[in-house]
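1. Dropping a prediction and its sequence here:
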Amino acid sequence: MMRLPLFEFRAPRTLEEAARILDAERANAMPLAGGTDLLPNMKRRQQVPRMLMSLRHIEILNRVALHDSGSRLGACVTLSEIAADRRFRNGLTALAQAASLVATPQIRNMATLGGNICLDTRCNYYDQSYEWRKSINFCLKKDGTTCWVAPSSRKCVAVSSTDTGPALMALGARVRLVSRSGEREVLLSDLYNNDGIDFIKRRPDEILAEVSLDNLHGWKSTYWKLRRRGSFDFPVLSVAAAVSLSGNNTVEDARIVVGSAACRPLAAMEAAKSLLGRPLNQQAIEEAAALAARIAKPLDNTDFDMTWRKRVTAEFVTYALRELRGDDVRAERESFTRCAFE
Amino acid sequence: MPNERDPRVTRVGSLKANENDLRVIGVPRRRVDARAKVTGQTRFADDIFLPRMAFCKLLRSPHPHARIRRIDTSRAVAHPGVYLVLTGKDVPIQYGILPVSQDEQALCVDHVRHVGDPVAAVIAREELTAFEALDLIDVDYEILTTISNPEEALATSAPRIHEYGEEGNIHKLVALEFGNVEEGFAEADEIFEDTFFFQGNTHLPIEQHASVAIKDPDGKLTIWSSTQTPHYLHRALAKVLEMPAAHIRVIATPNGGGFGGKSDPFNHEIVVAKAALMLDRPVKICLTREEVFYCHRGRHPILMKFKTGVKKDGAITGMHLQTLIDGGAYGSYGVASTFYAGALQTTTYHVPRYRYQGCRTFTNKPPCGPKRGHGTPQPRFGQEVQLDKIAERLKIDPANLRLHIVESPNAVTANFFRLGTVNLSECIRRVVEVSGWKDKFRKLPEGRGVGLACSAYLTGAGLPIYWNKMPHSGVQLKFDRCGGVSIFCGATEIGQGSDDVLAGIVAQVLGIDPFDIRLFTGDTDLGPVDLGSYSSRVTLMAGNAALQAAERGKAIIAEGVAEKLEVPKERLSFADKRVFDSVAPEKGVSFEEAVCIAEARFGTIGTVGSYTPPKSPALYKGGGVGPSPTYSYSAAVVEVEVNPVTGWVTVPRIWIAHDIGCALNPTLARGQVEGSVYMGLGEALMEEQEFRRLPKKLSHALVHKFPSILEYKSPTSLDMPEVITELIEEPDPQGPFGAKEVGQGPLLPIMPAVANAVYDAVGVRIDEIPITPEKIMKALAEKKAGREPRFGPSHFPRINWPEALRVPPPWEGGDGNAVNDVPRRTRRVSKKEKVLTS
Amino acid sequence: MLPIESQKTSQIRFMLNGEETDVSFAPYKTLLEILREDLGHTGTKHGCELGECGACAVLLDGKPVLSCLVLALECGGKQVLTVEGLGEDGGLHPLQDAFADLGAAQCGYCTPAILVTAKALLDQNPHPTRDQIREAISGNLCRCTGYLQIFEAVEAAMLKIAGQKTSAT
């Protein structure tokens, strides 16, 4: 049986207390929410914090507030709650789809929104046991000096594998970070960093407490996920797209985000910009798909062949934009996800 | 809730003629071990907790290939909570499943052959302590050249992974020729040459291997283990521990899935046995999922070349198959696997002349071995895809082509396998009908398609793994005065329904309820030997032994009751827990009274039964692999949808017909068919045992790419298609109540049927398993560019084959011996074999 | 490295299958480990201990979770249901009956987790469609059955439970 290493355990009741603990412990402590990412990593000795600080007992982190003026979601809201909540539609559909496609039903009952946003980057050379990693003399991300995906690279290229991250970026989400010294709110897209090790700009003393979203009235959004099987698997490519269409179906605003194709979700700015002021016709969609695929740089460290994953990027952008303009692409969606989204 | 009218399974056949007599056999029933399984009370090996129990962890080699210079265990020994540290010198004796490849050591003494090879064991009070202490063992290795694949093995004569085998890193070469194949090709109207690759994959039972060993109060050894072959483990333990086998008791706990992966004696089993004897306390080990990948013994990766000559009507005139097999680091069942890869080509369609050349190499990877279908799914894939290509070129419907060439019942094949009932034609006709094949094949819109394939499989290996003349299965029955019956048998429950087969047969014969029976199985102290749950042998072999024991018991009871009731014993019927006059059914006694009457008359009642397979006519060297009392047959149609841009594949539906002889318990038979289809589909589309060779300039590392249940892709409930099952029931004289196997055969046609369906859908040939969207997209690009619309290997390397053993087929007057070899009866064991078997 | 032998034990009190239960355990242990090793509830199985197979699923406050990824320390005051608590009045739960009758358990290793997961589904949705059943157990790998007999068993249990409810009212 894989066992956890020894750790100290704290379970604060308030955000203030939690912030005090993290301030005192700094890098020695890690916040624990659903545990579905951190605990396997600890069992494989990829992460060995001296202290685990549970966030589950902090009431305020479990709140969901959806208002016309905008929404606020506590970091400890589970992915099941988001997936099952029918209020997450239209503008928020991408988030509900992303949440509903994470891992498995049991994991979604445990895993939290905050945890999925902060999901450790993944790599076939890193998500392995201590013994396995020893047999390759470890890697750049943990205990080693070589990136085995790209031995000449001085940067770790582990892949961002969050589903909700790209979806929330497409919705323009902001996150609230709380620490003993105060709090700050940043755009989620500014929180991520394109580095497999230093992939998130959350300081060790900060708690990601809340996600906030503007009113998305008039927006439609969608999330497309590529993985081998109908469940369990992390995304090896994803596309989140959101558009705001005017009365005559021209694009007023658009965001396209490509996930699992780099160390962070990538905003496809040029692709989104190319759509502005145009109707979502075939030509516009094809151009946007080609522009978006250009930024996807999958590497050989996940399931599936990397060139094929890149090829699918354009296809997924096409499906997503067709879906947003009202085409019925349910059959295509179901063929990839193996299940319907109701 | 009986499912007698189960809409998803249709039973076709002549069995129903006498169904009035069959109250148990053929009736869908709750299996006898179902309650234990649905209440979580089935005791798997890791569910055993004993007082004072210690936990074992193994230190494994981080190097693919190295010599061990020195091991220092002193720091680990001194670690608080550690009871014992073992190294190779504590258990140095070599063992292995086959007498010809006794090449394993419980802990490597001086040579590690793959990442994961065990070098030391720590036994401690807590499992976590044992794990921590592994890091305190210092091993000094001398790195040796990494041999990654068969091509490298052929090119690297030194260092050798083993000091035995053919030469260099070639483990086994096989060359057999049945009739003059070149003459066959000369007679052909068309000749087809195709190369295929079948990637390795693994069993992935959800239960990780576990074992608990204790020193009994009287000083003997007992081990509970998740093994499919307690008898072979028993022999290996006796050998390595140098203990009398009579002082060792092996109890095979129900396996949480086996599929062939728990059929070898394993190093961890020997280690905990040794530790329990040394410590005089219970010692447990439960492997992690990663370690299960290192045990492996899964499907061999095989590169194959098929050359087949056919007449215009599709009749085969000759076939030549070559295989290059990646064996991994140890022998395991590999010699048998090498023969199996060439054995069953002749059992489905008439092949008048056949040549087989097989080569198994050693590489620095976990050893391959027997997985569901053992050695036969790979060539079956090649053969059935090539037939699809042949049918297209000859402009014959692939179903009709196969119907035209199906081998006859009771035939003796070119390689001297005697077939039993052969209902393959009926299987093909059924799947063609129920799938609507004629309206679909080459008629569905672009992107959708159907494919058909067939297969055959053994109903039990005709020969044991070690040479002996004793029965393959034995059963003892104890009849109790209370009307209960106890079955004692070495057969092992691995989920397939082994216990239910025994109980069902005995209950049917004695006219009692299966739940009136107690089972003591998989225990070497309690039951007579059964060789194990492998090669689809239990239903036929243990079943026949149970049938014989039950008939003998019935005869004794009938004798007593006949006297008492003054009825001729031939007139007595056993049914509904009564023994009665079949002419006047009211005249009778309860089964309980019947046992008492017989016991009073004859003394304590116990009977035995045993089964030995019929002698095979295949007398040539190598002819021991492939004979079986009878063979099962399957035909499947798979429907696919292929995305023409991305190559993404969806399988909505599969139709399968299986020639089962008799479905002893149709609920379980259907489960075996659907489970086989499931596993076959996983192999067809996603499962791969893949390795990473790090850049040679930087590293010698060769590691399993993803030894995890997350990255080794096993289909989920969302990936499973609809399956329509047809069971063809024409009783086979060899089987108990006519039953043939159902646990392995139905897996075989799935992979080629998927490949053939992809071709029907988008017009590209994927001559490689698994069939992934990447490969389809590459083949689609070839098609678009006007090149051959195909993805697959194009080259088969040159191998120095030995001169083939030439065996004239029966129709050329052959007697089953090779004409250029010493006949079997007088052949002497060579010096080399002697060394390895000693 | 701190030897585990020097660690203190922790205690929690929680409801296990409806029974108030106190347990002391090594604090690094997950719910899976204390159930099997400290409380003798071996009905809950494990196949990876990393959240990748579903064999260790139990109901935590009525919801299916993976016991291999729940710290035992976090279970104080919680309701835990395992396969041992599924039966009613000494008999089998309709799901258990249906699984036994319809071939839904072959080796039986993934079965306990699928049973509790299916129970949570039927508790929350008494009339699930085939697709909803498929989706609900998509986190439980089964290598034996190909799932189809499992789907049918859940459907049979659903009808039986619905029948019981109708006859009770």
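-> Good, I have the coordinates.
2. Local confidence estimate at the residue in chain C positioned nearest to chain A?
-> Taking Cβ to the nearest Cβ, chain A has its nearest neighbour within chain C at C:Gly139, 2.7 Å off. All C-beta atoms are positioned from the backbone trio N, CA, C, and that covers glycine. Looking at C:Gly139, its pLDDT is 98.
3. Please apply the same query to B:Asp821.
-> B:Asp821 carries a pLDDT value of 87.
4. Spell out the secondary structure type for it.
-> Three-state assignment for B:Asp821 (DSSP: H, G, I helix; E, B strand; the rest coil): coil.
5. Correct me if wrong: the residue of chain C closest to chain A contacts A:Phe232.
-> Yes - C:Gly139 lies in contact with A:Phe232 (Cβ atoms under 8 Å); the separation is 7.1 Å.
6. any common contacting residues for the two?
-> Common contacts of C:Gly139 and A:Phe232 (Cβ atoms under 8 Å, 6 or more residues apart in numbering or on different chains): A:Ala103, A:Thr104, B:Thr716.
7. OK, contacts around the residue nearest to A:Ile207 when sequence neighbours are not counted?
-> Using Cβ to Cβ, 6 or more residues apart in numbering or on different chains and skipping residues adjacent in sequence, the residue nearest A:Ile207 is A:Val178, 5.0 Å away. Contact analysis of A:Val178 by Cβ under 8 Å, 6+ apart lists A:Leu15, A:Ala19, A:Glu206, A:Ile207, A:Ala209.
8. cool, A:Ala290 as well?
-> A:Ala314.
9. The residue nearest to B:Asp523 when sequence neighbours are not counted: what's it in contact with?
-> Counting by Cβ to Cβ, 6+ apart, B:Asp523 lies nearest to B:Ile251, which is 4.8 Å off, once chain neighbours are set aside. Listed by Cβ under 8 Å, 6+ apart, the contact partners of B:Ile251 are B:Thr222, B:Ile223, B:Trp224, B:Ser225, B:Pro230, B:Gly522, B:Asp523, B:Thr524, B:Asp525.
10. Which among these count as buried?
-> Buried members of those, scored by 16 or more other Cβ atoms under 10 Å in any protein chain shown, are B:Thr222, B:Ile223, B:Trp224, B:Ser225, B:Pro230, B:Gly522, B:Asp523, B:Thr524.
11. Relative to chain B, how far out is A:Ala293?
-> 13 Å (Cβ to the nearest Cβ, to the nearest Å).
12. Show me the two of the buried ones among the contacts of B:Ile251 that sit farthest apart.
-> B:Thr222 and B:Gly522 (13.0 Å; Cβ to Cβ).
13. Can you name the element that comes right after the lengthiest helix in chain B?
-> Scanning chain B for the helix with the most residues, using DSSP state H, yields helix B:543-565. From helix B:543-565 onward toward the C-terminus, using DSSP states H and E, the following helix or strand is strand B:572-575.
14. B:Asn364: neighbouring residues, count only.
-> Here the count is done by other Cβ atoms under 10 Å in any protein chain shown, and B:Asn364 has 30 residues near it.
15. Can you pull the residues of chain C lying near chain A?
-> C:2, C:4, C:7, C:27-30, C:33, C:46, C:48-52, C:54, C:57, C:63-66, C:69-71, C:73-74, C:117, C:131, C:134-141 (Cβ under 8 Å from any Cβ of the partner chain).
16. Any quick ChimeraX command for the buried ones out of those?
-> To isolate the buried subset of the residues of chain C next to chain A in ChimeraX, counting by 16+ other Cβ under 10 Å, use the following:
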select /C:4,27,28,29,30,33,46,48,49,50,51,52,54,57,63,64,65,66,69,70,71,73,74,117,134,135,136,137,138,139,140,141
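17. if we can go back for a sec, by neighbours, which of the contacts of A:Val178 wins?
-> The most crowded member of the contacts of A:Val178, judged by other Cβ under 10 Å, is A:Ile207 (27 neighbours).
18. Can you pull the phi/psi pair for it?
-> With angles defined as degrees, to the nearest 10, A:Ile207 sits at phi -110, psi 130.
19. ok, now B:Gly786?
-> Per degrees, to the nearest 10, the backbone of B:Gly786 is at phi 80, psi 10.
20. which residue lies farthest from the center of chain A?
-> Here chain A reaches farthest from its C-alpha mean at A:Asn248, the gap being 32.9 Å by Cα atoms, centre = their mean.
21. Tell me how far the closest residue to C:Ala156 other than its chain neighbours lies from B:Val762.
-> Using Cβ to Cβ, 6+ apart and skipping residues adjacent in sequence, the residue nearest C:Ala156 is C:Ala98, 4.1 Å away. C:Ala98 sits 41 Å away from B:Val762, going by Cβ to Cβ, to the nearest Å.
22. quick one: which of these two has more around it?
-> Shown here are C:Ala98 and B:Val762; by other Cβ under 10 Å, C:Ala98 has more neighbours (27 against 24).
23. ok but that one is inside a strand, no?
-> No - per three-state DSSP, C:Ala98 lies outside any strand segment and is helix.
24. Let me see the contact set for B:Gly40.
-> C:Thr42, C:Gly43, C:Thr44, C:Lys45, C:Thr82, C:Val83, C:Glu84, C:Thr111, C:Pro112.
25. Give me the three-state assignment for it.
-> coil.
26. For chain A, what's the nearest residue on chain B?
-> B:Leu718 (2.7 Å).
27. Can you tell me the closest non-neighbouring residue to that residue?
-> Leaving out its chain neighbours, the residue that sits closest to B:Leu718 by Cβ to Cβ, 6+ apart is A:Gly230, at 2.7 Å.
28. By mean pLDDT, point me to the weakest helix or strand of chain B.
-> helix B:831-837 (a mean of 41; mean pLDDT, DSSP states H and E).
29. follow-up on the earlier one: in strands, which of the contacts of B:Ile251 fall?
-> In this view, the contacts of B:Ile251 that belong to strands under DSSP state E are B:Thr222, B:Ile223, B:Trp224, B:Ser225.
30. confidence score at the first one?
-> By that I understand B:Thr222. Reported pLDDT for B:Thr222: 98.
31. what number of residues lie near B:His700?
-> 17.
32. Contacts only, for residue 209.
-> In the absence of a named chain, chain A is used. Counting by Cβ under 8 Å, 6+ apart, A:Ala209 makes contact with A:Leu15, A:Ile60, A:Leu61, A:Gly74, A:Ala75, A:Gly114, A:Arg176, A:Leu177, A:Val178, A:Glu183.
33. that's the wrong chain, I meant chain B
-> Counting by Cβ under 8 Å, 6+ apart, B:His209 touches B:Ala45, B:Ser225, B:Ser226, B:Lys262, B:Phe266, B:His268, B:Cys286, B:Leu287, B:Glu291, B:Val292, B:Cys295.
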